[in-house]
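1. how does the following fold in three dimensions:
(chains A and B)
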Amino acid sequence: MSLAYYPGCTLKTKARNLEEPAIASLEVLGLKLEEIPRWNCCGAVYSLAEDDLIHQVAPVRNLIRVKELGKDKLATLCAFCFNTLKRANLLMKDNAEKRNTLNSFMDEEIDYGGEVKVVHILEVLRDEIGWEALAQKVKLPLRELKVAPYYGCTLLRPREVAIDSVDNPTILREFLKALGASPVDFPESTRCCGSYQIISSPDDISEYARPILNSALRHGAEALVLTCPLCDYNLARGQKELIKKQSGLREMPLFYFTQLLALALGLGPQVCHFELNHGSPESLLKEKNLLSQSESFQPIGG
Amino acid sequence: MSVTVSPKRLRREFVKKVKELSGQNLQLCYQCGMCTGNCPAAANMDISPRRIIELAKLGLEEEIANSKTVWICASCLACTVNCPRGFDLSKVMEAIRLVTLRKNIDHIRPEDIAPQERCELPQIAMVSGLRKFTG
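-> Numbers count the residues shown, from 1 in each chain, chains lettered A, B, ... in the order given. Model (predicted):
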């Protein structure tokens, strides 16, 4: 079975370690991700102003590409793209006046009325494959790996786009359980990492990271699992700065959920691109016998 | 912080603009403070999220324009999902930013981001940051 898929800019450059293990893993699970043709940047953030329709054009064009393929579902992997595309889709579905304006503006395109359902790959794993079926495909259970699920903001807020309970999400916990890992719940799992504040106030980013990392460590986590390339960047950078400031924090590897998925499915470390991770998970994976002692990768992020 | 409220200082145009851009009814807010309590950045703000609503309601444009609060907001929507009144503060923060940005006053300049940093940042950081902080 094939699924229309929107990658977004970051997954083709900085976050290939989020995308490539996802494509390989889903193929093993019987789903082929079909990249939509002529996709463009989604705009990264959803426009919150009532009169700002021009910034809806970019995400809506991507949804039109899916409709043209005759598909009714679009799978996304980047948490930012998921949020922007799903919110733009809801606007087209629910607001007749804005829908008409946007359709008239894009007169070279077919009319669009929110026909495509935007989903995140985690929802595909939960709803189309199922945790039990996933668990049966696991070849290398992530036994004894204590991982804290970190959701960030955009998969859960606002309520109308949330992939799970806003107040008590469990989807990543269930995912980790299916892979044989030990999920570590911690109260800061949905606290913001600072997001785009990194470009205006980079010096404040470690203060966003501090409560998140401290809390995960205090609850016994050995690693964090993430879904968003900006969370990855901010938490890694914050962690590095906090360690430099000798805050007592110890380094904790950050994984994308797709890397753990590919590893557990037995696809090997190459497909996971651990060398692109900020900070190396090598010693932890070796300690847990999830990586052979002879395996090595040079992290680029330091 | 104390503010002086007098009919002379009220900027009715500003209130109207914020309401228009945000689509939010400022009168809905009953000042319970759930927004401030749930905001991960409130400690860095000079005016708390709750007070921003109150000042906006009163039309005190100067106080809001001189505050760094709306530029610290990361639109994480922790306030929005926790508001018992269904008020979307993230849209009000955006509206206030836009009142400034649409006067061609940018909050950051892309050239001020160090070249090495520009190479390292994920694309979504650049796109979202420049969307939020430039007009």
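2. those residues of chain B touching chain A, which are they?
-> Neighbours of chain A within chain B, by C-beta under 8 Å from any C-beta of the partner chain: B:20-23, B:40-41, B:44, B:71-72, B:74-78, B:80-81, B:88, B:90-91, B:94-95, B:98, B:107-108, B:113, B:117, B:120-133. The way it works is simple: take the backbone N, C-alpha and C, and place the C-beta from them, glycine included.
3. which residues does the residue lying closest to A:Lys32 once chain neighbours are set aside contact?
-> Nearest non-adjacent residue to A:Lys32, counting by C-beta to C-beta, 6 or more residues apart in numbering or on different chains: A:Ser2, 4.3 Å away. Counting by C-beta atoms under 8 Å, 6 or more residues apart in numbering or on different chains, A:Ser2 touches A:Leu31, A:Lys32, A:Leu33, A:Glu34.
4. now swap in A:Gly238 and tell me
-> A:Cys193, A:Gly194, A:Ile205, A:Ser206, A:Glu207, A:Tyr208, A:Ala209, A:Arg210, A:Leu213.
5. pull the number of nearby residues for the residue lying closest to A:Tyr150 once chain neighbours are set aside.
-> Spatial nearest neighbour of A:Tyr150, excluding adjacent residues (C-beta to C-beta, 6+ apart): A:Leu224 at 4.9 Å. If you count neighbours by other C-beta atoms under 10 Å in any protein chain shown, A:Leu224 ends up with 25.
6. helix or strand for A:Leu224, which one?
-> According to DSSP states H and E, A:Leu224 maps onto strand A:223-226.
7. check which element follows that strand along the chain.
-> Next along the chain from strand A:223-226, counting by DSSP H and E, comes helix A:229-244.
8. does anything pack onto the helix or strand where B:Val15 lies? Which helices or strands?
-> Assigned by DSSP H and E, B:Val15 falls within helix B:12-22. Applying 3 or more C-beta pairs under 8 Å, 6 or more residues apart in numbering or on different chains; DSSP states H and E, one finds that helix B:12-22 contacts helix B:49-58, helix B:89-101.
9. in the chain, which spans are strands?
-> Because you didn't say which chain, this covers chain A. A:2-6, A:32-35, A:73-76, A:117-120, A:146-149, A:182-183, A:223-226, A:254-256 (DSSP state E).
10. re earlier: what's the angle from the helix holding B:Val15 to helix B:49-58?
-> 120 degrees (axes from the mean of the first three to the mean of the last three C-alpha atoms, to 10 degrees).
11. tell me the buried residues in helix B:12-22?
-> Going by neighbour count (16 or more other C-beta atoms under 10 Å in any protein chain shown), the buried part of helix B:12-22 is B:Phe14, B:Val15, B:Lys17, B:Val18, B:Lys19, B:Leu21, B:Ser22.
12. what about the spatially closest residue to B:Arg97 that is not a sequence neighbour, neighbour count?
-> Nearest residue to B:Arg97, sequence neighbours excluded (C-beta to C-beta, 6+ apart): B:Val70, at 5.1 Å. Counted with other C-beta under 10 Å, residues neighbouring B:Val70 total 23.
13. what about B:Val70, distance to A:Leu179?
-> 41 Å (C-beta to C-beta, to the nearest Å).
14. what parts of the stretch 1-150 of chain A come near chain B?
-> Close to chain B, as judged by C-beta under 8 Å from any C-beta, the stretch 1-150 of chain A has residues A:8-10, A:13-15, A:41, A:43-45, A:48-52, A:55, A:78, A:80-81.
15. from those residues, which ones fall inside helices?
-> Among those, the members falling in helices (DSSP state H) are A:Phe80, A:Cys81.
16. buried members of the residues of the stretch 1-150 of chain A next to chain B into PyMOL, please.
-> Buried residues among the residues of the stretch 1-150 of chain A next to chain B (16+ other C-beta under 10 Å), as a PyMOL selection:
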select buried, chain A and resi 8+9+10+14+15+41+43+44+45+48+49+50+55+78+80+81
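17. buried set for stretch B:40-59?
-> Buried, per 16+ other C-beta under 10 Å, within stretch B:40-59: B:40-42, B:45, B:47-53, B:55-59.
18. tell me the contacts of the nearest residue to A:Ile243 once chain neighbours are set aside?
-> Closest residue in space to A:Ile243, ignoring its immediate chain neighbours: A:Leu249 at 5.6 Å, by C-beta to C-beta, 6+ apart. Counting by C-beta under 8 Å, 6+ apart, A:Leu249 makes contact with A:Arg210, A:Leu213, A:Asn214, A:Leu217, A:Gln239, A:Leu242, A:Ile243.
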